[in-house]
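Visitor: the following block contains a protein sequence and its predicted model.
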Amino acid sequence: KAGVTQTPRYLIKTRGQQVTLSCSPISGHRSVSWYQQTPGQGLQFLFEYFSETQRNKGNFPGRFSGRQFSNSRSEMNVSTLELGDSALYLCASSPSGIVDTQYFGPGTRLTVL
Amino acid sequence: GENVEQHPSTLSVQEGDSAVIKCTYSDSASNYFPWYKQELGKGPQLIIDIRSNVGEKKDQRIAVTLNKTAKHFSLHITETQPEDSAVYFCAASSLIGGTSYGKLTFGQGTILTVHP
């Protein structure tokens, strides 16, 4: 079974721009969670989607948003990029998102200049 | 909300030794505790997990123990090998009204180095 895929793997943007990251979950998984990983803050939960609905949200500003499509693929968007948004963005998929094992993708490395 | 503390932040062992990493959590309602291994340039890989109705789980050289009363859980790696060198993260399910809705709260990570 193919694992979680994320595209692109690397991105370089400048302050003020916006960016869209994509995640394809494991086949059959309907829950997709997004995390931000930085050296200072570690792994922090952004939000979770299930059946195209956001069910859970972490403590991030409204510049961070996401969506999920009917095939369970998910995108996250960051608008008005700041230097502090430079991070590894990880998505994880699970069958239902309810105390399920989460499987992570390789991440998208975002650098904001 | 849930808070997870992980210790030590770095751990250096000789090949063949055992390694132990400990985590404590704050929410007594948390009921799922996975451990992930992250190698450079890769996403976290699940290595073992335990649910709150079990006290110990073992998979070859890796074991996890859970003490619900003390709210802590530990990862034990025996007969360490150089390829075990990586960053290890513990996590706990974060519940809202009894359901996690895809949220894990992670510890800060432990850099494990196994010297040949």
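Guide: That came in fine, so what should we check first? Everything quoted here is computed from the prediction, not taken from an experiment.
Visitor: residue 9: how many residues sit nearby?
Guide: All of this refers to chain A. Residues lying near residue A:9 (other C-beta atoms under 10 Å in any protein chain shown) number 12. Heads up, the C-betas are built off the backbone N, CA and C, glycines and all.
Visitor: sorry, I should have been clearer: chain B.
Guide: Counted by other C-beta under 10 Å, the residues lying close to residue B:9 total 12.
Visitor: next: residue A:1.
Guide: 7.
Visitor: my guess is it contacts residue A:26, does it?
Guide: Yes: between residue A:1 and residue A:26 a contact is recorded at 6.2 Å, counting by C-beta atoms under 8 Å.
Visitor: what does the model give residue B:58 for pLDDT?
Guide: pLDDT for residue B:58: 96.
Visitor: quick one, what contacts it?
Guide: Residue B:58 makes contact with residue B:64, according to C-beta atoms under 8 Å, 6 or more residues apart in numbering or on different chains.
Visitor: swap in residue A:22?
Guide: By C-beta under 8 Å, 6+ apart, the neighbours of residue A:22 are A:6, A:7, A:73, A:74, A:75.
Visitor: and with 10 Å instead?
Guide: A:5, A:6, A:7, A:8, A:73, A:74, A:75, A:76, A:91, A:108 (C-beta atoms under 10 Å, 6 or more residues apart in numbering or on different chains).
Visitor: near chain B, from those residues?
Guide: A:6, A:91 (C-beta under 10 Å from any C-beta of the partner chain).
Visitor: JSON lines for the contacts of residue A:22, including pLDDT, secondary structure and neighbour count?
Guide: Putting the contacts of residue A:22 into JSON lines (pLDDT from 0 to 100; DSSP: H, G, I helix; E, B strand; the rest coil; neighbours: other C-beta atoms under 10 Å in any protein chain shown) gives the following:
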{"residue": "A:5", "pLDDT": "97", "secondary structure": "strand", "neighbour count": "16"}
{"residue": "A:6", "pLDDT": "98", "secondary structure": "strand", "neighbour count": "19"}
{"residue": "A:7", "pLDDT": "97", "secondary structure": "strand", "neighbour count": "12"}
{"residue": "A:8", "pLDDT": "97", "secondary structure": "coil", "neighbour count": "12"}
{"residue": "A:73", "pLDDT": "98", "secondary structure": "coil", "neighbour count": "16"}
{"residue": "A:74", "pLDDT": "98", "secondary structure": "strand", "neighbour count": "25"}
{"residue": "A:75", "pLDDT": "98", "secondary structure": "strand", "neighbour count": "17"}
{"residue": "A:76", "pLDDT": "98", "secondary structure": "strand", "neighbour count": "22"}
{"residue": "A:91", "pLDDT": "97", "secondary structure": "strand", "neighbour count": "31"}
{"residue": "A:108", "pLDDT": "98", "secondary structure": "strand", "neighbour count": "21"}
